[in-house]
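Visitor: coords please:
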Amino acid sequence: MKKQRLMMTVWAALGVLLLTGSAFAGWWDNVGDAQQVELEDLIENPRAWKGKEVSFECVFHGVSQYYNPYYTRFTSSQYVNFSVWSARQQIWKQDEYVNSHKFLFLEKDNKAFPIVGEVTKFAKLRVTGYVQSAFKNLPWIEVRFIEVLDDSLSRAPLREI
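Guide: Residues are numbered from 1 along each chain as shown. Here you go, the predicted structure:
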């Protein structure tokens, strides 16, 4: 009798979890709820964005090698590191060009991983990610989704400017 009552309690609790959706809770629950933000705002105040899902437009610079596994979770064996410029930066100016944000990390098993290897310099992207850390007062972003936008830049017009 006790065993039967225990089983009924377990089934009732499982039913409540399934109906409320709590049984399926995980880090992915708020992925679609990324806050639109400018990369400049993230860089200016990274601690305010730490632990939040964000989305921003940027310009691809290139693959980098900025890792610090002692203070962050990002390692070269699990992540590819890349740098971007803000969509607002005037990268045809020398001081803007040399000032890219170097702390974006994409897991190597993420379905967007091939994009980082195929995308060309100056491609315009929409990046969605999670601000994992504010190490050295800079946002270290775990990228979860990358979308290549149509209005990318190219070297020829940049040289003309």
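
Visitor: Give me the pLDDT value at Arg144.
Guide: We have a pLDDT of 95 for Arg144.

Visitor: Where does it sit, in terms of helix or strand?
Guide: According to DSSP states H and E, Arg144 maps onto strand 140-148.

Visitor: which regions of this protein sit below the pLDDT cut-off?
Guide: Low-confidence segments of the chain, defined by pLDDT under 70, are located at 1-32, 70, 151-161.

Visitor: that older thread, tell me which other helices or strands the strand holding Arg144 touches.
Guide: Strand 140-148 is packed against strand 101-107, helix 113-118, strand 124-133, with contacts defined by 3 or more CB pairs under 8 Å, 6 or more residues apart in numbering; DSSP states H and E. Every residue, glycine included, has its C-beta placed from N, CA and C.

Visitor: Direction included, what does that strand pair up with?
Guide: strand 101-107 (parallel), strand 124-133 (antiparallel) (DSSP bridges).

Visitor: Out of those strands, which is the most enclosed?
Guide: Comparing the strands paired with strand 140-148 by mean neighbour count (mean count of other CB atoms under 10 Å), strand 101-107 ranks first with a mean of 22.

Visitor: For the closest residue to Val131 other than its chain neighbours, give me phi and psi.
Guide: Nearest non-adjacent residue to Val131, counting by CB to CB, 6 or more residues apart in numbering: Trp49, 4.5 Å away. With angles defined as degrees, to the nearest 10, Trp49 sits at phi -100, psi -10.
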